[in-house]
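> Provided below for reference: sequence and predicted model.
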Amino acid sequence: MSSLSSKSAQQLTDLLDDYGIKHGPVVDSTRSLYERKLKEVMAKGKKVKPSSDQTYYREEEEEVTYVYRTPVKSDGSGDSRSYLRSRPEWTAGEHETSYSSYPRSQPEYRGRSDANEPYMYDTPSTYRASYLKATPPKMVPEAPQTPKSSRLIPLWVQFVFFLAVAVFLYIVFSSMEMNEPLKGIK
Amino acid sequence: MSTTSQKHRDFVGEPMGDKHVTALSGIGVVLGKQLEDQGFDKAYVVLGQFLLLKKDTEMFSDWLKDVTGANSRQSGTCAQCLKEWCDAFL
């Protein structure tokens, strides 16, 4: 490994660009700083190449597309047609509900919006029917969960959380069915 | 009310002119002496270094830590001070 201090300013500039380090001109006062930065990055190995920003962004993109694909895979049997139907509608952005702004990142938010949408304009019976159909397919995606992308919260935790929220909403909504026996509110 | 110090507000509120390096927010007597020894006796010289580093606060913070032994808080404050001055006057 050749010494960084023996390299010319142009060579240092090229190295900095290779590692995607944002930098200014390599002059006397900045040289030692850039040499130190390069040393750190080279010690870390060539993991930083190319620019880390792009890698991060790509990962995020991957995450998003993967999340979209999962329920489609599980719904391949043609089951829960209403669930499938509500998805492309939502992606097309047909309805102006506030929930459409939710899902840009987390699957639990996405699931939440999907659970709430039928609630918004379907009749209670259809909602329950479509919801019941929707719950079993949720269990399936947990099995073909092979590609392990790095997540802050493990995927199974997200699914469990989503299920908990879904069950909670179901309880809340089903309790709304029995409006008559409610005492005191007349 | 912002969370900046009076020193910060004093510096950022007007052109720095010939102010001494200790006028910079985050730079006290000790750090000021360190910088002076390196030739950075005026605030505008430190500004020059900040500009050479393309106004990148992180990079400048690292440089300041390197050169003076400042801690993260001091260097961060100084970088932020210079950045805001640049936003206002540069």
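Structure received. Given the structure is predicted, the values throughout are model-derived calculations rather than measurements.
> chain center to stretch B:37-45, what's the gap?
10 Å (C-alpha atoms, centre = their mean, to the nearest Å).
> wait, does that stretch contact chain A?
No: figure legend: stretch B:37-45 not in contact with chain A (C-beta under 8 Å from any C-beta of the partner chain); closest approach 8.8 Å. In this view, the C-beta of every residue, glycine as well, is placed from N, C-alpha and C.
> what sits up against that stretch?
Outside of stretch B:37-45, the residues within contact range by C-beta atoms under 8 Å, 6 or more residues apart in numbering or on different chains are B:11, B:16, B:18-21, B:23-24, B:35, B:46, B:49, B:67-68.
> highest neighbour count among the residues you listed?
Across these, neighbour numbers were computed from other C-beta atoms under 10 Å in any protein chain shown; B:L24 holds the maximum, 28 neighbours.
> just to revisit the earlier point, and the contacts of stretch B:37-45 near chain A, which?
Residues of the contacts of stretch B:37-45 in contact with chain A (C-beta under 8 Å from any C-beta): B:Q49.
> the contacts of stretch B:37-45 into TSV, with extra columns for pLDDT and secondary structure?
Output for those, formatted as TSV (pLDDT from 0 to 100; DSSP: H, G, I helix; E, B strand; the rest coil):
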residue	pLDDT	secondary structure
B:F11	95	helix
B:M16	94	coil
B:D18	95	coil
B:K19	95	coil
B:H20	95	strand
B:V21	95	helix
B:A23	95	helix
B:L24	95	coil
B:L35	94	helix
B:V46	96	helix
B:Q49	95	helix
B:V67	92	helix
B:T68	93	helix
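> and the gap between the residue of chain A found nearest chain B and A:L169?
Of all residues in chain A, A:G24 sits closest to chain B, at 4.3 Å by C-beta to the nearest C-beta. Distance of A:G24 to A:L169, given as C-beta to C-beta, to the nearest Å: 54 Å.
> kindly report the same for A:E35.
Distance, A:E35 to A:L169, using C-beta to C-beta: 58 Å.
> which bits of chain A sit near chain B?
Near chain B, when you scan chain A using C-beta under 8 Å from any C-beta, you find A:K22, A:H23, A:G24, A:P25, A:V27, A:S29, A:T30, A:S32, A:L33, A:R36, A:K37.
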